[in-house]
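Visitor: below is the structure, and that's it, no one-letter string:
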Ligand code: G6P
């Protein structure tokens, strides 16, 4: 370990003797610390696609996961969970406002999602982003074994690869961006654009969800850093090369299919349908309550179908599950109010006693319940305005083992590059969405089965294990500056 690692980090990790040859570094731990009603605390799986994808990988490979517990000012000792060392990293109250809610979620998040909301640029947020990224890099420098592999995740930690390489040049460093990477026209708004590009270039491999995102990055590096590039390879001045390419992420497909096949899941699915009044069609949306997910547009499209009498609320209902997210960020608070209003208006206009057309649930549910909801849904509606991948779409497909059901999917979700047989929509086109939802409801079962079969083949063959293996194998075979491989490749 380098002498540069700060005293505070060394102190907070003293006594934590274990090191790991494989380390995941992500803003969040895969679990959140929650306060139970009786005052005790428990750990609950964190929300979002990143955790969904990586948790099974790390459980299988073993190693350490460095991340934040989700609560400000919490200084916790490392602990073991299912064979994984969890290493909590503290994020202090002011940093939660500046690094997490500010720079990560009010600057980068909207900038990387087509500026659907207007990104805010504040210098003190940037300073906090730098400071917290440094802390993550220092923790990783302490935990990683000599010549180990460190895999840094997502937009909150884009400076970590470079900072970590400076501290630990012996490591092999991978970075994966779970969200979209914007075109140069948007990215260059960022006052700190070059620092972010250089931060990422500290990795040996920079992975993206789509080829388009990888190309955006390579082009920006050429323009703004001045490096030579050829296809997915970037040649740095110091002789090191960096690979930038697409590794579309996935889910633990077999796990979801097995969950769906359990008799208890089917029983729960029947129960859900019964409590909805056994309608002919159940449409389902499942999204963190986020403005990138296109919920207002989707609910409006369904609402119009109900209001115009095209769909009878006795026949077709919409269930929208929207777990709360980033509730202290302004845009998220406003979105919640907007959804409340839209749902209230539609249910008020066309609902009957005991028969609201939209059931809106502002909570998160365990995977068992999600599998039952997927089983209960005739049509899954996934219509983000922009999304890195969207794993909910893949979870639905994995659960439809009888090749029934239909997926309505936005062209602007990374998943649409793989799930080409979905009912694809432009989520900005309300009339187009109405027509496609109707088609997804009314197409003959044979047509739906054909589409679902093809999508299932894709999801079952390309699961999260394959994703991680692909990335980590590439990382193993990274070339040293002079072209020699540093590790044997079998
Ligand atoms: C997305 C991001 C993740 C993030 C998750 C939940 O999936 O790519 O990095 O963890 O949302 O968001 P939160 O802000 O609650 O961690």
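Guide: Arrived safely. Remember, it's a predicted structure, so these values are computed and weren't measured experimentally. Residues are numbered from 1 along each chain as shown.

Visitor: residue 221: neighbour count?
Guide: Using other C-beta atoms under 10 Å, residue 221 has 23 neighbouring residues. C-betas here are computed from N, CA, C, even on glycine.

Visitor: gap between the host helix or strand of residue 94 and the chain center?
Guide: Applying DSSP states H and E as the criterion places residue 94 in helix 93-95. Centre-to-centre, helix 93-95 and its host chain are 24 Å apart (C-alpha atoms, centre = their mean, to the nearest Å).

Visitor: buried sites along it?
Guide: Across helix 93-95, burial judged by 16 or more other C-beta atoms under 10 Å covers residue 95.

Visitor: what helices or strands is that helix leaning on?
Guide: Packing contacts for helix 93-95, counted by 3 or more C-beta pairs under 8 Å, 6 or more residues apart in numbering; DSSP states H and E, involve helix 123-143.

Visitor: ok, residues contacting the helix it packs on?
Guide: Here helix 123-143 makes contact (C-beta atoms under 8 Å, 6 or more residues apart in numbering) with 1-2, 5-6, 9-10, 13, 19-20, 23, 25, 64, 66, 85, 87, 89, 91, 94-95, 98-100, 102-104, 106-107, 150, 152, 157-160, 163-164, 167-168, 191-192, 199.

Visitor: check stretch 76-86 too.
Guide: With contacts defined as C-beta under 8 Å, 6+ apart, stretch 76-86 is touched by 13, 15-16, 18, 20, 29-31, 33, 43, 58-59, 62-65, 67, 69, 87-88, 90, 143.

Visitor: give me the buried subset of these.
Guide: Neighbour counting by 16+ other C-beta under 10 Å classes 13, 20, 29-31, 58-59, 63-65, 67, 69, 87-88, 90, 143 among those as buried.

Visitor: just flag the most distant two among those.
Guide: Among these, the pair separated by the greatest distance (C-beta to C-beta) is 59 and 90, at 24.6 Å.

Visitor: what is the burial count for residue 319?
Guide: The burial count assigned to residue 319 is 19, neighbours taken as other C-beta under 10 Å.

Visitor: how close does residue 130 get to the ligand?
Guide: Residue 130 sits 19 Å away from the ligand, going by C-beta to the nearest ligand atom, to the nearest Å.

Visitor: then residue 382?
Guide: 14 Å.

Visitor: and residue 392, by the same measure?
Guide: Counting by C-beta to the nearest ligand atom - residue 392 and the ligand are separated by 11 Å.

Visitor: for that residue, which residues are in contact?
Guide: Residues near residue 392 by C-beta under 8 Å, 6+ apart: 286-287, 380, 382.

Visitor: need the max-distance pair from the residues you listed.
Guide: Maximum distance among these (C-beta to C-beta): 11.2 Å, for 287 and 380.

Visitor: do a quick rundown of the helices in the stretch 151-300 of the chain.
Guide: Ranges of helices within the stretch 151-300 of the chain are 160-167, 184-187, 193-200, 211-220, 253-261, 263-275, 295-307, based on DSSP state H, counting those that start in this stretch.

Visitor: state the distance from residue 332 to residue 244.
Guide: The gap separating residue 332 from residue 244 is 31 Å, by C-beta to C-beta, to the nearest Å.

Visitor: for the two, indicate the residue with more neighbours.
Guide: When neighbours are counted by other C-beta under 10 Å, residue 332 and residue 244 differ, and residue 244 comes out ahead with 26 against 20.

Visitor: which SS class is residue 66?
Guide: Here residue 66 takes the strand state, with states given by DSSP: H, G, I helix; E, B strand; the rest coil.

Visitor: that one - how many residues pack around it?
Guide: Look at residue 66: counted by other C-beta under 10 Å, it has 29 neighbours.

Visitor: where does the chain dip in pLDDT?
Guide: Applying pLDDT under 70 to the chain flags the ranges 1-8, 10-12, 14-17, 47-49, 479-490.

Visitor: how is it divided into domains?
Guide: 7-249+468-476, 253-461 (automatic domain parsing).

Visitor: so how far is stretch 394-409 off the chain centroid?
Guide: In terms of C-alpha atoms, centre = their mean, the centre of stretch 394-409 is found 19 Å from the chain centre.

Visitor: still on that earlier bit, between residue 287 and residue 380, point out the one with more neighbours.
Guide: More crowded of residue 287 and residue 380, by other C-beta under 10 Å: residue 380, with 27 against 22.

Visitor: residue 300 contacts residue 342, doesn't it?
Guide: Yes. Using C-beta atoms under 8 Å, residue 300 is in contact with residue 342, at 6.5 Å.

Visitor: out of the two, which sits in the busier spot?
Guide: When neighbours are counted by other C-beta under 10 Å, residue 300 and residue 342 differ, and residue 342 comes out ahead with 20 against 17.

Visitor: number of nearby residues for residue 366?
Guide: 9.

Visitor: spit out the contact partners of it.
Guide: By C-beta under 8 Å, 6+ apart, the contact set of residue 366 is residue 45.

Visitor: quick one, what contacts the closest residue to residue 195 other than its chain neighbours?
Guide: Among residues not flanking residue 195 along the chain, residue 159 sits closest, at 7.0 Å (C-beta to C-beta, 6 or more residues apart in numbering). Going by C-beta under 8 Å, 6+ apart, residue 159 touches 129-130, 133-134, 137, 195-196, 199.

Visitor: the helix or strand encompassing residue 409 vs helix 295-307, what angle?
Guide: Per DSSP H and E: residue 409 is located in strand 406-410. Orientation check (axes from the mean of the first three to the mean of the last three C-alpha atoms, to 10 degrees): strand 406-410 against helix 295-307 gives 130 degrees.

Visitor: run the chain-centre distance for strand 406-410.
Guide: 18 Å.

Visitor: list of residues touching the helix or strand following it?
Guide: Downstream of strand 406-410, the next assigned helix or strand under DSSP H and E is strand 423-425. By C-beta under 8 Å, 6+ apart, the residues outside strand 423-425 that reach it are 383, 406-411, 416, 432-433, 436, 439-440, 451.

Visitor: list phi and psi for the most far-flung residue of the chain relative to its centre.
Guide: Distance from the centre of the chain peaks at residue 353, with 38.0 Å (C-alpha atoms, centre = their mean). With angles defined as degrees, to the nearest 10, residue 353 sits at phi -60, psi 130.

Visitor: right, I'll call it a day here.
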